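Student: Just to be clear, the model below is a prediction. Sequence and coordinates:
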Number of protein chains: 2
Amino acid sequence: MGWRAADRTEQTLKAQNDDAGEYLLENQVGHLLRRAHQRHTAIFQATIGDQQLTPLQFAALMKLADVGEASQNHLGRLTAMDAATMQGVIKRLIARDLIARRPDPDDRRRLLLTLTEAGVALVDVATARGHQISDETLDPLSPAERETFLKLLSRLSG
Amino acid sequence: MGWRAADRTEQTLKAQNDDAGEYLLENQVGHLLRRAHQRHTAIFQATIGDQQLTPLQFAALMKLADVGEASQNHLGRLTAMDAATMQGVIKRLIARDLIARRPDPDDRRRLLLTLTEAGVALVDVATARGHQISDETLDPLSPAERETFLKLLSRLSG
DNA sequence: CGACCATCGTTTGTGTACGAACAATTCAGG
DNA sequence: CCTGAATTGTTCGTACACAAACGATGGTCG
């Protein structure tokens, strides 16, 4: 490993630990959030990869199983997805016949989504995996720390 | 809220409230990490948007300012970016003349990256914004909570 | 020396992510 | 009832994110 942190020595002796001083990437929330998210999706792929599901596809399926039926935009709001993003996720799930789409009789702008039989079957299989993925992601923390972490994290997600 | 969990009842009566049972998306680490990351990038864009920088471009610039000079892959490792992702980020930064690329005389596979004058100037301006972004992202937490959160989060980023 | 294997940077393909613009539809007020 | 504002789903463009395969180079070891 070629780890020579170069010699950024001279001028940074004073302000290394100030808040206003040097900017250390590895201490910034954004960078840590990004890396934690990376690690999580790696665990996701390793755990559920045999189903060819992505995290967003999984989220949409699970939420749809939860609410039963929803329009695209509504499901998008429930899963924190942009309408444009939702469009692609739904398209792929429909292509795999995991969800079905029908026009809303009461509002001709809307398309109502439901799980197909195959979708329901997949959700049944994948639920346990979902819990396993969450557990493994939190594995470096003790049970008490997990609770603390999730509580703080959810306050940063609003 | 249309919360009726549909009537997929028959075979799933036993495991409704177990940990193996219902899967609530909004309690899963992955979903919360994703949403926190979303919120952070929104703050990033609002704070630094006038510079037309993305979070990854910013990270690459800051890290390069930190180490002075690095090959693409090495900088990629320092910023947790895939080599293919790095390629695009670097390409855009070079197009804006914020960084420069020259062949490594000691290894003809490598391309050494350095900040240009414009790059250095931008880093100087943007450093304060970087701290501001981190602060604002952590705004919902008290100082003590921030410390706890960052400590736990960094253990989930390894 | 020469086969072998690792590393460097690139390209391709698929899948998020989101702003912006759009047509169709619905809804609110006058 | 009719005009304007809001909502729904779509498309386009840009930018991550990463697996996989690639040619070129570098290092190792028999």
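Tutor: Okay, I see it. Numbers count the residues shown, from 1 in each chain, chains lettered A, B, ... in the order given.
Student: Show the pLDDT at residue A:158.
Tutor: Looking at residue A:158, its pLDDT stands at 83.
Student: what bits of chain A have low per-residue confidence?
Tutor: Filtered on pLDDT under 70, chain A yields the residue ranges A:1-21.
Student: got a list of what the residue nearest to the spatial centre of it touches?
Tutor: What sits nearest the mean C-alpha location of chain A, by Cα atoms, centre = their mean, is residue A:55, with 5.6 Å. Residues in contact with residue A:55 (Cβ atoms under 8 Å, 6 or more residues apart in numbering or on different chains) are A:40-41, A:44, B:30, B:34. To be clear about C-beta, it is placed using only N, CA and C from the backbone, and glycine gets the same treatment.
Student: how about 7 Å then?
Tutor: Each residue near residue A:55 by Cβ atoms under 7 Å, 6 or more residues apart in numbering or on different chains is listed here: A:41, A:44, B:30.
Student: out of these, who's nearest residue B:91?
Tutor: Of all these, residue B:91 sits closest to residue A:41, with 24.3 Å by Cβ to Cβ.
Student: contacting residues around the helix or strand harbouring the closest one?
Tutor: Using DSSP states H and E, residue A:41 sits in helix A:29-48. Helix A:29-48 has contacts (Cβ under 7 Å, 6+ apart) with A:25, A:55, A:58, A:126, A:129, A:132-133, A:136-137, B:29-30, B:33-34, B:36-37, B:40, B:44, B:55, B:59, B:80, B:133-134, B:137-138, B:150, B:153-154, B:156-157.
Student: check whether that helix contacts DNA strand D.
Tutor: Yes - Helix A:29-48 reaches DNA strand D (Cβ under 7 Å from any atom of the strand) through A:34, A:38, A:41-42, A:45.
Student: Quick one: buried ones out of these?
Tutor: Restricting the residues of helix A:29-48 next to DNA strand D to buried positions leaves A:34, A:41, with burial counted as 16 or more other Cβ atoms under 10 Å in any protein chain shown.
Student: Would you format the residues of helix A:29-48 next to DNA strand D as CSV with distance to residue A:101 included?
Tutor: What follows is the residues of helix A:29-48 next to DNA strand D, written out as CSV (distance: Cβ to Cβ, whole Å):
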residue, distance to residue A:101
A:34, 33
A:38, 32
A:41, 27
A:42, 31
A:45, 27
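Student: ok, back up a step: any idea which of the contacts of residue A:55 is closest to DNA strand D?
Tutor: residue A:41 (6.4 Å; Cβ to the nearest atom of the strand).
Student: what's the neighbour count on residue A:87?
Tutor: For residue A:87, the count of nearby residues is 13 (other Cβ atoms under 10 Å in any protein chain shown).
Student: Can you give me the distance of it to chain B?
Tutor: For residue A:87, the distance to chain B equals 18 Å [Cβ to the nearest Cβ, to the nearest Å].
Student: Which of the contacts of helix A:29-48 fall in helices?
Tutor: Among these, DSSP state H puts A:55, A:58, A:126, A:129, A:132-133, A:136-137, B:29-30, B:33-34, B:36-37, B:40, B:44, B:55, B:59, B:133-134, B:137, B:150, B:153-154 in helices.
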